Each structure stands twice: as C-alpha cells, then as structure tokens.
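In: With the sequence up front, the predicted model follows.
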Amino acid sequence: MPAAYGGAPLRLRGRAAWRAVMFDVDGTLLDSRDAILDSYREATREVLGREYPATTGEAKAVLQLRALEVIALLADGDPARERLLSDAYHAAYERLQSSAVPYSGALDALGALRSAGLRVAVVTSKSRSRLELDLARTGLAPLVDASIAGDEVRRGKPDPEPLLAGLRALDARAGAALYVGDSPVDVASARAAGVYSVGVTFGFHGRALRVAGPDLLIDSYDELVAFVTDGAATGA
C-alpha cells in the first residue's frame, strides 16, 4: 500500500475522481542517471578540458536542472562556448542513451492508466530533442497523450509553468490531476500548480524527496495504478 504522510493513504477531497496523470521522466519513468551524467562529463572534457560533474554534490545539482540551465552556467556567458557544449552534450547523449531504461512497471502502468480512461502526459526538464530520442527508443511514445519538454517553457520546475502547460495539453483541471516525480523540485512545482504530488522512492533523490513531503510516496508503479484507478472508478 502506498505510504502517505500522517498514516493512512491520502485522498484529495475524499475519494478523488482523477482524470489526468503527469510524469517526470528522468529518475521517474527512466533510470537515466548514468546516461545524463556521463554525457555531461564527455561534453565538458571535450569543450572545457575538465570533467563536470566531478563530485556527488555537483551530480545532485545537475539532475535537478534543465540542460539549458546547466550549459549556460558552464559557458559562463560565452555564446560560442554554450553552442559547443550544447552540441557536444546532445551528441554524447545520442551515443549513451541506450543505458537509460524504464523503471520496473513503468510502461505497464502508463498503459493501465490510459485503459482506465485517464489522460497521461510527461512533463520533463529534458530538451525536446533528447525527449524524442527517449520516447521513441523506450516505447513510451504511444503511451502518452501529450509531452512538455524543458526547452518549451520559459521557466522550469520548481515554477508551476511546465505543469500548467501539461494541464492545458491534457485539457485537465489541477484538482483532478497528479504529478509523479522523484525530486523536491517536482513536489514544489506540483504544489505551485495546485496538483497532487506523488513521489517515487526508487528515483534519483530518495532522501531529499522524503524531506520535501509529497502528498503520496510510492515504492512501485503497481501502487500508483491501484491508488489512481480506485479514485477514478469511485468518483468524488
């Protein structure tokens, strides 16, 4: 049974009639940690002559930011260097993306949610070009109704803008939607958007995620499907 803060599993407004579920990608649907970090390391060695991220702290920071934000910081205001880093990072990710694989039960969960009549989207900090690579290669593409990439919004998470864009794409109300993620910025973005937050304990940021206090913590995708479809079936 999913773990909720305060004891029993939580429900939004009692037993909620959920209509839409949005998902983060990296650390939530895909175990892509090595692909992301190794791509940054290859790109920075090639362009800057040094490796980044080089510490555990730097790796944690990188995994919560959009690539465009990381690359802008590394370029330090130099547009030419920024273009070189961006191209090198994308080329490295193309080579290394095969190491990014769906978490256990992720694909089945998306299929089950759609079969139950819910709309499904991915809302990610990943760029559109790299998101398309992942959607096509992993089998996620036919299982989502909409996708919002990190370079398609002006402000990234923890701002609510990406999730609000996801709601518009799904034609869904915030009060009938959930956002599933693995990091504190996912929880903060969901709260700011008025969306129910679900945290996955198997992602990149387990301890920090627990401290952030999502509305619901799950250890597996079976728990998510049971929680959401129960609410969807019973109504408000």
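Out: Looks like it came in fine.
In: Tell me which residues touch the residue lying closest to Arg19 once chain neighbours are set aside, please.
Out: Spatial nearest neighbour of Arg19, excluding adjacent residues (C-beta to C-beta, 6 or more residues apart in numbering): Ala176 at 4.1 Å. From N, CA and C alone the C-beta is placed, and that goes for glycine too. By C-beta atoms under 8 Å, 6 or more residues apart in numbering, the contact list for Ala176 reads 16-20.
In: Looking at those, state which has the most neighbours.
Out: Trp18 (27 neighbours; other C-beta atoms under 10 Å).
In: Does that residue belong to a helix, a strand or coil?
Out: Of the three states, Trp18 takes coil under DSSP: H, G, I helix; E, B strand; the rest coil.
In: Run a quick check on it versus Leu224, I expect a contact.
Out: No: under the criterion of C-beta atoms under 8 Å, Trp18 makes no contact with Leu224, lying 10.7 Å away.
In: circling back to that earlier point, may I see the contacts of Ala176 arranged in TSV, with pLDDT and distance to Asp215 as well?
Out: Compiled in TSV, these are given as follows (pLDDT from 0 to 100; distance: C-beta to C-beta, whole Å):
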residue	pLDDT	distance to Asp215
Ala16	58	11
Ala17	87	16
Trp18	96	12
Arg19	96	16
Ala20	98	15
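In: Can you name the residues in contact with stretch 85-105?
Out: 26, 28-32, 34-36, 38-40, 42-44, 46-48, 67-68, 71, 74-75, 127, 129-130, 133-134, 137-140, 200, 202, 220-222.
In: any idea where the strands of this structure begin and end?
Out: 3-4, 20-23, 30-31, 101-102, 119-123, 146-148, 177-181, 196-200, 216-218 (DSSP state E).
In: helices or strands next to the last one in the packing?
Out: Counting by 3 or more C-beta pairs under 8 Å, 6 or more residues apart in numbering; DSSP states H and E, the packing neighbours recorded for strand 216-218 are strand 3-4, strand 196-200, helix 221-234.
In: hey, which of these is tucked in deepest?
Out: Burial of the helices and strands packed on strand 216-218 is given as mean neighbour count (mean count of other C-beta atoms under 10 Å); strand 196-200 ranks first at a mean of 27.
In: how about it as PDB, C-alpha atoms only?
Out: Extracted C-alpha coordinates of strand 196-200, given in PDB (Å, rounded to 0.1, in the frame of the first residue of the first chain):
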ATOM      1  CA  TYR A 196      -1.500  16.400  -6.200                       C
ATOM      2  CA  SER A 197       2.100  15.300  -5.800                       C
ATOM      3  CA  VAL A 198       3.300  11.700  -5.900                       C
ATOM      4  CA  GLY A 199       6.900  10.800  -5.100                       C
ATOM      5  CA  VAL A 200       8.700   7.600  -6.300                       C
END
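In: For the longest helix anywhere in the chain, list every residue counted as buried.
Out: In the chain, with assignment by DSSP state H, the single longest helix is helix 79-96. Neighbour-count burial for helix 79-96 flags 82, 84-86, 88-90, 92-93, 96 (criterion: 16 or more other C-beta atoms under 10 Å).
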